[in-house]
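Novice: starting from these lines, generate the structure:
(2 chains)
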Amino acid sequence: MLDFLKRFGLGIVYVLISPFVLVFLACWAIFNLGIFAYELIQALGSFFKGKKFFAEFPEDIEAKRILSLEPYNNDPNQTAPVINQTPTNPTVNNQENKPL
Amino acid sequence: MNFLIQLTENDKRVLISLGILLILIFVIVGYIGLIVERIMKRQAKKAGTMMHDVVAAKIITNEKDFLRYGRKKNNRLFMKQALIPSAILFFALIIYIIYGAVSRNWRLNLFDHEKEGFGTIMFLWNFSDPSIYIKFFGMTIIGNWPPLMNTPHWEATAWASYIIVPCLFVGGIWYLVATQAHIARTFKLKKLSKTIFNPTLDNVVPTSPLPMNPTNNNNQNNPQL
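Specialist: Numbers count the residues shown, from 1 in each chain, chains lettered A, B, ... in the order given. Predicted coordinates for the structure are as follows:
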């Protein structure tokens, strides 16, 4: 019953503010058409360059690489980073010591 | 109280039915608002999830970069979510063009109920009939069921409307839900950017001793590191 009354009260509030919310939503939706077109063109460009349609961002690739190279992140008992775990990849140390 | 006693039986019925109708409308709107609220909360959580890796890997270390990268990710996610509804809307446009080209009729009335619109397969009532309205304290309000104007029937010439109207409805609502999710994530990203990188005084006790640097402490205890 309390929930019913709460919904009733909120319903009145929503009806009163709905015109403003709808105008805001419509403006945002129109603005998003531009975003959609831009992203679609970028995705198509990426696809025709031989990459994935939804190509990953460089930051994502870098983050995945760093997180996969840091085994101490998964081991709470290990406090210090394991240095030179993969000696064939010289960039490991650079990432470990990357300035924040 | 005198005011209520003066009401006729018909007035009371109208008043009660109006009250019930209003309560029902407000409650339904309230529950629609609840659904919208839940969608927005769920989408706001996604904003945190999509930003987790870059922040955990310390690739992004300041508010400006966080917002810039967040905007890129948010726009990409919106494009993914809006791809299917946009395809549905595009399909509706193609059907409209085919219909216009075949029938040479570029003024298709999508909601017509006689010949070419979606209204042909809907129950329609005539709300413009003046006999269904009554006067109530000087106001003209609906007081009776309106007469049935159309019963569902198939019209071959309305085939395009049967495809276009559902596509517009489904695609439009879906696109608006994706837009709403985009709005929720945008606000959440702004909020996160303010809280993650800005130091706060909430947890600082001025009289407490400074915490020891764990790295230095480790090195003192274990000089070989």
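
Novice: B:A47 is in what secondary structure piece?
Specialist: In the assignment (DSSP states H and E), B:A47 maps to helix B:9-56.

Novice: how far out from the middle of the chain is that helix?
Specialist: Helix B:9-56 sits 10 Å away from the centroid of its parent chain (Cα atoms, centre = their mean, to the nearest Å).

Novice: what's it packed up against?
Specialist: For helix B:9-56, the packing partners by 3 or more Cβ pairs under 8 Å, 6 or more residues apart in numbering or on different chains; DSSP states H and E come out as helix A:2-48, helix A:58-69, helix B:63-103, strand B:133-136, helix B:159-196. (Each C-beta comes from the backbone N, C-alpha and C, glycine too.)

Novice: dump the ones you listed to CSV, plus mean pLDDT.
Specialist: As requested, those are arranged in CSV below (pLDDT from 0 to 100):
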stretch, mean pLDDT
helix A:2-48, 91
helix A:58-69, 87
helix B:63-103, 93
strand B:133-136, 82
helix B:159-196, 93
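
Novice: dump the residue contacts of the residue most central in space within chain B.
Specialist: Central residue of chain B (Cα atoms, centre = their mean): B:V177, 4.3 Å from the mean position. By Cβ atoms under 8 Å, 6 or more residues apart in numbering or on different chains, the contact set of B:V177 is B:I39.

Novice: show me what from chain A comes close to chain B.
Specialist: Within chain A, the positions adjacent to chain B are A:4, A:6-12, A:14-15, A:18, A:25, A:28-29, A:32, A:35-36, A:38-40, A:43, A:54, A:57, A:59-60, A:62-64, A:66-67, A:73, A:79-80, A:98, A:100 by Cβ under 8 Å from any Cβ of the partner chain.

Novice: just the buried ones from those residues?
Specialist: A:7-8, A:10-11, A:14, A:25, A:28-29, A:32, A:35-36, A:39, A:43, A:59-60, A:62-63, A:66-67 (16 or more other Cβ atoms under 10 Å in any protein chain shown).

Novice: relative to A:E59, how far out is B:R68?
Specialist: Distance of B:R68 to A:E59, computed by Cβ to Cβ, to the nearest Å: 10 Å.

Novice: also B:N109?
Specialist: 51 Å.

Novice: one more: B:L93?
Specialist: Distance of B:L93 to A:E59, given as Cβ to Cβ: 36 Å.

Novice: next: B:Y99.
Specialist: For B:Y99, the distance to A:E59 (Cβ to Cβ) stands at 46 Å.

Novice: what does chain B put close to chain A?
Specialist: Residues of chain B lying near chain A (Cβ under 8 Å from any Cβ): B:23, B:25-34, B:53-54, B:56-61, B:69, B:72-73, B:75-76, B:78-80, B:82, B:86, B:175-176, B:178-180, B:182-183, B:214, B:218, B:225.

Novice: buried subset of those, written for PyMOL?
Specialist: Buried residues within those, by 16+ other Cβ under 10 Å, are selected in PyMOL with:
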select buried, chain B and resi 26+27+29+30+31+33+34+53+54+57+59+60+69+73+75+76+78+79+82+86+175+176+178+179+180+182+183
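
Novice: got the contact list for the nearest residue to A:R7 once chain neighbours are set aside?
Specialist: Counting by Cβ to Cβ, 6 or more residues apart in numbering or on different chains, A:R7 lies nearest to B:G30, which is 3.3 Å off, once chain neighbours are set aside. Residues in contact with B:G30 (Cβ under 8 Å, 6+ apart) are A:6-11, A:14.

Novice: tell me the one of the residues you listed nearest B:W125?
Specialist: A:G11 (25.2 Å; Cβ to Cβ).

Novice: quick one, what contacts residue 18?
Specialist: Because you didn't say which chain, this covers chain A. By Cβ under 8 Å, 6+ apart, the contact list for A:S18 reads B:V29.

Novice: hmm, no, I was thinking of chain B.
Specialist: B:I141.

Novice: if I look at it, how far off is B:F26?
Specialist: Applying Cβ to Cβ to B:L18 and B:F26 gives a distance of 13 Å.

Novice: what does B:K12 give?
Specialist: With Cβ to Cβ as the criterion, B:K12 and B:F26 are 21 Å apart.

Novice: again, but for B:T120
Specialist: On the measure of Cβ to Cβ, B:T120 and B:F26 end up 33 Å apart.

Novice: nearest residue to residue 62 other than its sequence neighbours?
Specialist: Reading this off chain A. Nearest to A:E62 is B:I59, by Cβ to Cβ, 6+ apart, at 5.6 Å.

Novice: ah, I was thinking of chain B
Specialist: B:F197 is the one closest to B:N62 (Cβ to Cβ, 6+ apart), at 5.8 Å.
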